[in-house]
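Engineer: everything below, folded, please.
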Amino acid sequence: MTVSKVLRDAPDISAATKARVRALAQQMGYVPDSLAQGLRTRTTKLFGLIVSAMTNPIFARVVMAIEERAHELGYEVILSHTLNLSEREDSAIRRLISRRVDGLFISPVYRLGTEAPIYQELHRCGIPTVILGHAAPFCSQFVNVETDDVQGSYVAAQHLLELGHRRVAFFAGPQVSPWAQERFEGYRRALREAGIEVEDKRVFNAGGTIEEGEKAALQMLNEGTDVTAVQAVNDLVAIGAATVFLNQGINIPEELSVVGFGNVLMSQYFRVPLTTIRQPKFRLGVAAMNSMLKLLHGERPEPKRLPAEMVVRASTAAPSTAHRAHKNPVEKAETKTL
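Structural biologist: Presented below is the predicted three-dimensional model:
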C-alpha cells in the first residue's frame with residue numbers, strides 16, 4: 001500500500017519514504033502500468049492533437065507549446081495528420097475517441113457546410129475539445145483559440161499604404177477557410193479607409209502553398225498588372241510569388257514590394273528577407289492548453305483571440321517613381337530578343 005501511494009504521489013507519505021521507494025523502483029527498472037492506472041482513475045493521461053500536417057511551419061511552435069505543458073503535467077500527446085482531407089479528419093477523431101483520450105486539440109478541415117457529423121459525434125462524447133483556429137459554424141460548439149487575422153492583415157495593408165502604395169494586389173487563400181477570409185477583409189478594410197477601391201483585377205486566388213504562390217504570381221505577370229505591391233495571405237504564398245518575381249528580373253522592393261503573414265522561419269532567411277505579420281504561434285499553444293485545463297476542471301473558458309504584430313524587413317519600400325507595368329514573361333523574352 002505504501003509503495004502504491006508513493007507511485008501515486010499521495011500527500012500522506014513523507015518525502016523521505018517517497019525518495020527511498022522511488023530509488024528502489026528505479027534500481028529495479030520498475031515502470032508503472034499506465035493502462036491499469038487509467039482503469040482505476042478513469043483517465044488515460046493522453047491528449048489527442050490533430051493538425052493538417054507538421055510540414056506546415058505554423059504548427060511547429062503551437063505543437064511544441066502544447067507538448068511541453070502536457071509533459072509537465074504527466075500527459076502524452078498522440079499526433080494525427082488530416083492532410084486537409086475531411087475523411088482523414090473523421091478517422092483521426094474516431095481513433096482518438098476510441099483511445100479514450102482525456103482531451104482533444106483540433107485544427108479543423110474547414111468546409112462550406114454549417115454542420116459536420118463528426119463534430120456532432122464528438123460533442124455527444126463529451127471529450128474536452130479545443131479548436132486550434134477559427135470556430136466555423138460546424139465546430140462552433142467548442143472552445144477555440146485564434147489569431148486576430150483581420151487586424152493583422154489590416155496592419156500589413158496599412159504598412160504598404162503608409163509607404164505610398166496605392167495599387168496593391170492581394171493573393172488570397174482558400175475561400176472556405178475563415179482565416180483566409182479574415183485576412184482578405186483586413187486588406188479590404190484598410191484600402192477602403194484610404195479611399196481606394198478594391199478591384200477584382202488585383203485579387204488573385206493563391207491557396208496556401210509556395211507552389212500556389214508561384215502560380216498566382218505568373219498569372220499576375222501574364223495579365224500585365226500595374227501594381228506596386230503584393231500582399232499575400234501567408235508567408236508561403238509570399239515566398240513562392242517573390243521567387244517568381246525575382247526570377248523574372250523584378251527587383252524587390254525597388255520595383256515591387258511584397259508582404260506575407262505568419263513569420264515562419266524561412267521568411268527571415270529568404271533571398272530578400274520578408275516583411276510579414278508575426279503570428280503568436282507559441283502563445284496560441286499555451287492559450288490552447290490553458291483552455292484545456294479549465295475544461296478538464298469542469299469550467300467553460302472564453303474563446304481566445306490573440307493579436308499579431310508587424311515585422312518590417314527588406315521586402316517593402318516606397319514605390320519607385322519610375323515604376324512601370326510588369327510585363328508578362330513572354331513579352332519580356334520577346335523584348336530581350338529584339
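
Engineer: relative to residue 135, how far out is the residue positioned nearest the centre of the chain?
Structural biologist: Ranked by distance to the mean C-alpha position of the chain (CA atoms, centre = their mean), the top residue is residue 58 at 4.4 Å. Residue 58 sits 18 Å away from residue 135, going by CB to CB, to the nearest Å. In this view, the C-beta of every residue, glycine as well, is placed from N, C-alpha and C.

Engineer: the residue nearest to the centre of the chain against residue 279, yeah?
Structural biologist: Yes. In this structure, residue 58 sits in contact with residue 279. The criterion is CB atoms under 8 Å, and the distance is 6.7 Å.

Engineer: shared neighbours of the two, anything?
Structural biologist: With contacts taken as CB atoms under 8 Å, 6 or more residues apart in numbering, residue 58 and residue 279 have residue 262 as neighbours in common.

Engineer: what mean pLDDT does stretch 206-213 get?
Structural biologist: Stretch 206-213 comes out with an average pLDDT of 96.

Engineer: ends of it, what's the gap?
Structural biologist: With CA to CA, to the nearest Å as the measure, the first residue of stretch 206-213 is 5 Å from its last.

Engineer: for the chain, which spans come out with low pLDDT?
Structural biologist: In the prediction, the chain carries residues with pLDDT under 70 at positions 4, 6-9, 29-42, 321-338.

Engineer: rerun at 80
Structural biologist: Low-confidence segments of the chain, defined by pLDDT under 80, span residues 1, 3-11, 18, 21-22, 25-43, 321-338.

Engineer: before we move on, back to that, what is the burial count for the closest residue to the residue nearest to the centre of the chain other than its chain neighbours?
Structural biologist: When the adjacent residues along the chain are set aside, residue 58 lies closest to residue 262, with 5.8 Å between them (CB to CB, 6 or more residues apart in numbering). Taking other CB atoms under 10 Å as the neighbour definition, residue 262 ends up with a count of 24.

Engineer: need the contact list for residue 262.
Structural biologist: Residue 262 makes contact with 57, 58, 234, 235, 236, 276, 277, 278, 279, according to CB under 8 Å, 6+ apart.

Engineer: quick one, strands of this protein?
Structural biologist: 46-51, 76-81, 103-106, 129-132, 143-147, 168-172, 203-205, 229-232, 257-259, 276-278, 304-306, 309-311 (DSSP state E).

Engineer: buried ones in the second one?
Structural biologist: Within strand 76-81, the residues that qualify as buried by neighbour count (16 or more other CB atoms under 10 Å) are 77, 78, 79, 80, 81.

Engineer: mind checking how far that strand is from the chain centre?
Structural biologist: The chain centroid and the centroid of strand 76-81 are separated by 17 Å under CA atoms, centre = their mean, to the nearest Å.

Engineer: from what I can see residue 141 touches residue 124, true?
Structural biologist: No. Contact criterion CB under 8 Å: residue 141 and residue 124 do not qualify, at 10.4 Å.

Engineer: between these two, which is the more surrounded one?
Structural biologist: When neighbours are counted by other CB under 10 Å, residue 141 and residue 124 differ, and residue 141 comes out ahead with 13 against 8.

Engineer: from residue 115, how far off is the spatially closest residue to that one that is not a sequence neighbour?
Structural biologist: Distances taken as CB to CB, 6+ apart put residue 123 closest to residue 141, at 5.3 Å, once the chain neighbours are dropped. Residue 123 sits 11 Å away from residue 115, going by CB to CB.

Engineer: over to residue 183?
Structural biologist: As it turns out, when the distance is counted by CB to CB, residue 183 lies 25 Å from residue 115.

Engineer: more neighbours, the two?
Structural biologist: Looking at residue 183 and residue 115 with other CB under 10 Å, you find the greater number of neighbours at residue 183, namely 28 against 10.

Engineer: just checking, the more buried one touches residue 151?
Structural biologist: No. Here residue 183 does not reach residue 151: they are 10.2 Å apart, not a contact under CB under 8 Å.

Engineer: how about the helices in the stretch 101-250 of the chain?
Structural biologist: Listed in chain order, the helices found in the stretch 101-250 of the chain under DSSP state H, counting those that start in this stretch are 117-125, 149-163, 178-193, 210-222, 235-247.

Engineer: may I see the buried residues of stretch 264-272?
Structural biologist: 264, 267, 270, 272.

Engineer: residue contacts, the third one?
Structural biologist: For residue 270, the contact set (CB under 8 Å, 6+ apart) comprises 239, 242, 315.

Engineer: make TSV out of those residues and add distance to residue 170.
Structural biologist: Rendered in TSV, the data for those read as follows (distance: CB to CB, whole Å):
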residue	distance to residue 170
239	16
242	15
315	16
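
Engineer: which one of these sits closest to residue 201?
Structural biologist: Nearest to residue 201 out of the contacts of residue 270 is residue 242 (CB to CB; 20.7 Å).

Engineer: so what's the residue count around the closest one?
Structural biologist: With other CB under 10 Å as criterion, residue 242 counts 29.

Engineer: picking that back up, nearest to residue 287 among the contacts of residue 262?
Structural biologist: When the contacts of residue 262 are compared for distance to residue 287 (CB to CB), residue 279 wins out at 12.4 Å.

Engineer: so who does the closest one touch?
Structural biologist: If you count contacts by CB under 8 Å, 6+ apart, then residue 279 has 58, 147, 152, 261, 262, 263, 308 around it.
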